[in-house]
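S.K.: missing the sequence, but the structure's below:
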Ligand code: F0G
């Protein structure tokens, strides 16, 4: 059999909302054309993010019931810790409520004001935490969009006071492409040469490992689990949002071996998250995560995830959407700048049309999220690409849901000429894309 299918059946269901065209228009206007501000009951298909939106397995739901809610030393933490130690090889495991808390703990401990964090691409929250720690976030993606550019990485040590190197696996900011093992190893060697820690932002570690088994001949036929184990053992520190490859609705972690750095992070953990054996989570969350971390590297699951994303990408390309190739596992990215040339904030323009057409919510990875405000008061410094991201929540939507999205996308492509650009009417100084209000031009 070559046809792919979901390697699970559905045990519990949730109704979908079908707002009318008039309701969608009213909701979009009231939200200032920012889809983050639309209530979920006004959304038909929600591809905003793959973060915290996955469906848990029966085994995870039953793990919730055995959660131990003791304040200190809970059994649930020990189970989580043991699963993370096996997977990563790190001795020190700090649970946190989500990825950005982990970023804050590590970056505030590692960075001194003026120092640089160098990355293939810092995700938006990571960049914010580098900057909040007084540091400078330097992005050096290789032309493939996944790896870090090794030549520029080496050169950065001459121009910056580099405190850490961060590999975001997979590179969510630039299309969800993987960081290959070859690149991880070469980065490791450069970090050793200059004596700085290599950290992994491991939110999508299982998807990265799966892509390594497809792309690097050395790993053909290897299990994604073994590849993930090797990735982790190449790093000094990892942080992760477990709302992605933990397949649970909340959670994150820091893991490392350095006991001094771990002790410093733990002090912050206690002040901001909670006692070190629950870190802002309920015991039951830690149990669900421990189980999710075992399920996420199953080859049949990862193969289904890859094939459904590729099928979706091909279907969107067939109706005229400029799809960023190759398609990764967690999302399909559209080059909105190519579809809507000459329009201001083209990714936001495309998002608004998709919502009007079918109640579809996707997200923007373009100038609103990644561009910079010109300190001299001129127009924004645009981001490298104007992308719309259709994210695929784990184990949630079937192919017929995605077919509905493709049909709506086809209608939007047909009227692309008539779609207006957008301007910003309100923005906040940090992570403005979450709160901005826009208006058509
Ligand atoms: N790093 C990466 C690569 C991410 O994609 C995210 C979140 C984070 C860190 C922060 O984790 O949300 O748990 O605090 N990405 C989500 C997204 C929000 O939609 O891509 P968090």
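M.R.: Perfect, thanks for sending it. Quick caveat, the model's predicted, so the values are computed rather than measured.
S.K.: can you tell me how far the closest residue to residue 268 other than its chain neighbours is from residue 262?
M.R.: Excluding the flanking residues, the one nearest residue 268 by C-beta to C-beta, 6 or more residues apart in numbering is residue 105, at 5.1 Å. Where you see a C-beta, it was placed from the backbone N, CA and C, and this is true even at glycine. Distance from residue 105 to residue 262, counting by C-beta to C-beta, to the nearest Å: 10 Å.
S.K.: now do the shared contacts for these two.
M.R.: Counting by C-beta atoms under 8 Å, 6 or more residues apart in numbering, the contacts common to residue 105 and residue 262 are residue 94.
S.K.: residue 185: neighbouring residues, count only.
M.R.: A count of neighbours around residue 185, defined by other C-beta atoms under 10 Å, yields 11.
S.K.: rewinding a little: looking at residue 105 and residue 262, which is more packed in?
M.R.: Neighbours were tallied for residue 105 and for residue 262 using other C-beta under 10 Å; the higher tally belongs to residue 105 (27 against 22).
S.K.: by proximity to the ligand, which residue of the chain wins?
M.R.: At 2.5 Å from the ligand, residue 99 is the closest residue in the chain, using C-beta to the nearest ligand atom.
S.K.: isn't that residue right up against residue 240?
M.R.: Yes. Here residue 99 reaches residue 240: they are 6.2 Å apart, a contact under C-beta atoms under 8 Å.
S.K.: intersection of neighbour lists for the two?
M.R.: 201, 203, 252.
S.K.: now intersect the residues you listed with the strands, please.
M.R.: If you go by DSSP state E, the shared contacts of residue 99 and residue 240 have 201, 252 in strands.
S.K.: filter the shared contacts of residue 99 and residue 240 down to the ones near the ligand?
M.R.: Checked against the ligand using C-beta under 6 Å from any ligand atom, the shared contacts of residue 99 and residue 240 yield the following neighbours: 201, 203, 252.
S.K.: where does the prediction get shaky in the chain?
M.R.: Where the chain drops to pLDDT under 70, the residues are 1-2.
S.K.: one more time with 90
M.R.: For the chain, the stretches with pLDDT under 90 are 1-5, 124, 145, 173-175, 370-381, 383-385, 429-431.
S.K.: for residue 99 and residue 240, indicate the residue with more neighbours.
M.R.: Using other C-beta under 10 Å as the criterion, residue 99 and residue 240 rank with residue 240 on top: 29 against 25.
S.K.: okay, now the sheet partners of the helix or strand hosting the more buried one, with direction.
M.R.: Element membership of residue 240 [criterion: DSSP states H and E] is strand 237-241. Strand pairing for strand 237-241, determined by DSSP bridges: strand 198-201 (parallel), strand 252-256 (antiparallel).
S.K.: I'd like those strands as TSV, with mean neighbour count and distance to residue 39 appended.
M.R.: Below are those laid out as TSV (neighbours: other C-beta atoms under 10 Å; distance: least, C-beta to C-beta, whole Å):
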stretch	mean neighbour count	distance to residue 39
strand 198-201	25	30
strand 252-256	27	26
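S.K.: what about stretch 328-343 and the ligand, touching?
M.R.: No. Shown here: stretch 328-343 not in contact with the ligand (C-beta under 6 Å from any ligand atom), separated by at least 8.0 Å.
S.K.: buried residues, that stretch. List them.
M.R.: Across stretch 328-343, burial judged by 16 or more other C-beta atoms under 10 Å covers 328-337, 339-340, 343.
S.K.: next one: stretch 287-307
M.R.: For stretch 287-307, burial by neighbour count (16+ other C-beta under 10 Å) applies to 287-297, 301-306.
S.K.: mind checking the end-to-end distance for that stretch?
M.R.: Using C-alpha to C-alpha, to the nearest Å, the end-to-end distance of stretch 287-307 comes out at 29 Å.
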